[in-house]
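Student: sequence and predicted model, in that order:
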Amino acid sequence: LSCYKVAVIGSGAWACAATRMIAQNTVGQGETASEFADEVRIWARSQHEAINETGENPVHFPGISLGPNVRAVASVEEAVADADLLVFCVPHQYVQRVCKQLLGKVKPGAKAISLTKGMRVTREGPQLISQMVRRSLGIDCCVLMGANIAEDVGAEQVSEAVIGYSDLESGEVFAKLFERPYFRVSLLPDPMGAELCGTLKNIVALGAGMVDGLDLGPNSKAAIIRQGLKEMRGFAQALFPSAVRDDTFLESCGVGDLVATCIGGRNRRVAEEWTRAALSGSPRSWSDLETDLLKGQKLQGVSTSNEVQEVLAARNWEQRFPLFTTINRIVNGHLPPSSVLDYKEGSRAPL
Ligand code: 13P
């Protein structure tokens, strides 16, 4: 039986929660020649010393022990050296840079999984993170997506996730790596649909935060969530018509993640504060609020909204995605936050 060595690339809140689950599953296993090596390496550029000294990431995941078998390293090359399973969990803005650094450094035959919720737009079109990892490093890449607020997973509250796979064997290995009594993993043969859900819900979460900033109640938020889910499915299936499945949107990566993020996510929180500031007559910038509220973590929704809007504009799809488009106009100051529920105006086109 092979003994997989695991490396986690990233050390934000979600990377820490993921590392903790993995470490619970691998601890003690190496000694019994089981499936996973005991030690889990985590790339933590600035926090590696603190993690190794205290067993936790005091900046991004304070008060939650990662596990005695976790070792943090300062260099990403060191993290992946000899690793068989690579868990990518860095903000989407950084993935390309990290992949460049890893060229030629990854063990041949290694398998990857991406936990990053975001996408990148190039001149050739949108590029999913899993595609970027697959293409640049030449290794298989699954995705793990779901309603997974990091702190709640760290507190071992029951959570669900899906692993989107194209290679079933890889999907099964990663399912064993992540599955915990409190973390229920199912396998989904739609990696692109799952990843697009995780990406696109960040835009909808901004709309949900605007609703909260406007002091509107559950009916209005439900309207944003419903329309958001519809546009998520419409966009994913328009991009990848034969690959993205309808039932993906009913899984944890779809409606599950969307609901969790629109109730308790960081994108929602920052958008609420941004809206309150705009309404109070003392507007604040997204980057200012990101620095203030997220303590070094990256806001995904605003850049995702801008990136998705590039695709919508380039393909003349803006009318087909009125909520995405309305949120993007609000985010960039072209419409007031009070317009967030006006997404039907100017668009009667069916999705
Ligand atoms: P935020 O990044 O908005 O906190 O979303 C969290 C999330 O993706 C939960 O699944």
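Tutor: Now that the structure is in, tell me what you want to look at.
Student: spatially nearest residue to V121 (excluding sequence neighbours)?
Tutor: Leaving aside its sequence neighbours, V121 sits nearest to E307 (C-beta to C-beta, 6 or more residues apart in numbering; 4.3 Å). Using the backbone N, CA and C atoms, a C-beta is placed for each residue, glycine as well.
Student: surely the one you found is in a helix?
Tutor: Yes. If the criterion is DSSP: H, G, I helix; E, B strand; the rest coil, then E307 is within a helix.
Student: distance of it from A260?
Tutor: From E307 over to A260 the distance is 22 Å, taken as C-beta to C-beta, to the nearest Å.
Student: ok, P283 next?
Tutor: In terms of C-beta to C-beta, P283 sits 28 Å off from A260.
Student: can stretch 318-336 be said to contact the ligand?
Tutor: No. Stretch 318-336 does not reach the ligand (C-beta under 6 Å from any ligand atom); its nearest approach is 13.8 Å.
Student: that stretch: which residues count as buried?
Tutor: Applying a neighbour-count criterion of 16 or more other C-beta atoms under 10 Å, one finds 318, 320-331, 335 buried in stretch 318-336.
Student: would you list those in a markdown table and tack on pLDDT?
Tutor: As requested, the buried residues of stretch 318-336 are exported to a markdown table (pLDDT from 0 to 100):
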| residue | pLDDT |
| --- | --- |
| E318 | 95 |
| R320 | 95 |
| F321 | 97 |
| P322 | 97 |
| L323 | 98 |
| F324 | 97 |
| T325 | 97 |
| T326 | 97 |
| I327 | 98 |
| N328 | 98 |
| R329 | 97 |
| I330 | 98 |
| V331 | 98 |
| L335 | 97 |
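Student: follow-up on the earlier one: looking at P283 and A260, which one has more neighbours?
Tutor: Under the criterion of other C-beta atoms under 10 Å, the comparison of P283 against A260 puts A260 first, with 21 against 12.
Student: for the residue nearest to that one when sequence neighbours are not counted, what are its contacts?
Tutor: Of all residues not flanking A260 in the chain, A147 sits nearest, at 3.6 Å (C-beta to C-beta, 6+ apart). Applying C-beta atoms under 8 Å, 6 or more residues apart in numbering, we find A147 in contact with S159, E160, A161, S252, G256, D257, V259, A260, T261.
Student: out of those residues, which are inside strands?
Tutor: S159, E160, A161 (DSSP state E).
Student: who wins for neighbours among those?
Tutor: Going by other C-beta under 10 Å, A161 tops these with 28 neighbours.
Student: now do the helices in the protein.
Tutor: All helices of the chain, identified by DSSP state H, fall at 13-26, 48-54, 76-80, 95-102, 129-137, 150-154, 168-178, 191-213, 218-239, 257-264, 266-280, 286-294, 301-314, 322-331.
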